[in-house]
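*Asks:* 3D model of this:
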Amino acid sequence: MCRNIKTLFNFEPPATELEIRDASLQFVRKLSGFNVPSKANEAAFDRAVEEVAASARILIRTLVTNAEPRNREVEAERARARSALRFGTSQSTGN
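*Replies:* Predicted coordinates:
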C-alpha cells in the first residue's frame, strides 16, 4: 500500500494539494489498516488524514536543498524502467 506514496519534495512544479492529500490518505490507510473506515471511525480517520497533510505541507515547505528540482516526467520514466527490470516487462504509460 505505501508503494503508492510518492516523493513530493523538490519537484518542478511543486507538489499539489491533491498529491499531498493522496499521500496522507495512503499513510493513514497503512497505519490504521483500513482502506475505508467504518462510520464509527470515520471522523478519527478523516482528522488523521488532515493532520498528516498539514504536517506534510509544513515539511515540504521548510525543507531546503541545493539540488536542482526534479522533473516529474523524467522521474516517471525512471520508475517505469526500474519496474521493467524488476518484473521483466515494460509498463504501459497509460496514454
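
*Asks:* which parts of the chain are strands?
*Replies:* Counting by DSSP state E, the chain has strands at residues 11-12, 70-71.

*Asks:* name the single longest helix found in this protein.
*Replies:* For the chain, the longest helix by residue count, based on DSSP state H, is helix 39-62.

*Asks:* for it, give the mean pLDDT please.
*Replies:* What helix 39-62 shows for mean pLDDT is 97.

*Asks:* mind listing what's buried in that helix?
*Replies:* Phe45, Ala48, Val49, Val52, Ala53, Ala56, Arg57, Ile60 (16 or more other Cβ atoms under 10 Å). C-betas here are computed from N, CA, C, even on glycine.

*Asks:* tell me the two of these that are most distant?
*Replies:* Pairwise distances across those peak at 22.5 Å for Phe45 and Ile60 (criterion: Cβ to Cβ).

*Asks:* list the contacts of the longest helix of the chain.
*Replies:* 8-9, 14-15, 20-21, 23-25, 27-28, 31-32, 34, 37 (Cβ atoms under 8 Å, 6 or more residues apart in numbering).

*Asks:* got it, and stretch 7-20?
*Replies:* Here stretch 7-20 has contacts from 6, 23, 53, 56-57, 59-60, 63, 65, 67, 69-72, 75, using Cβ under 8 Å, 6+ apart.
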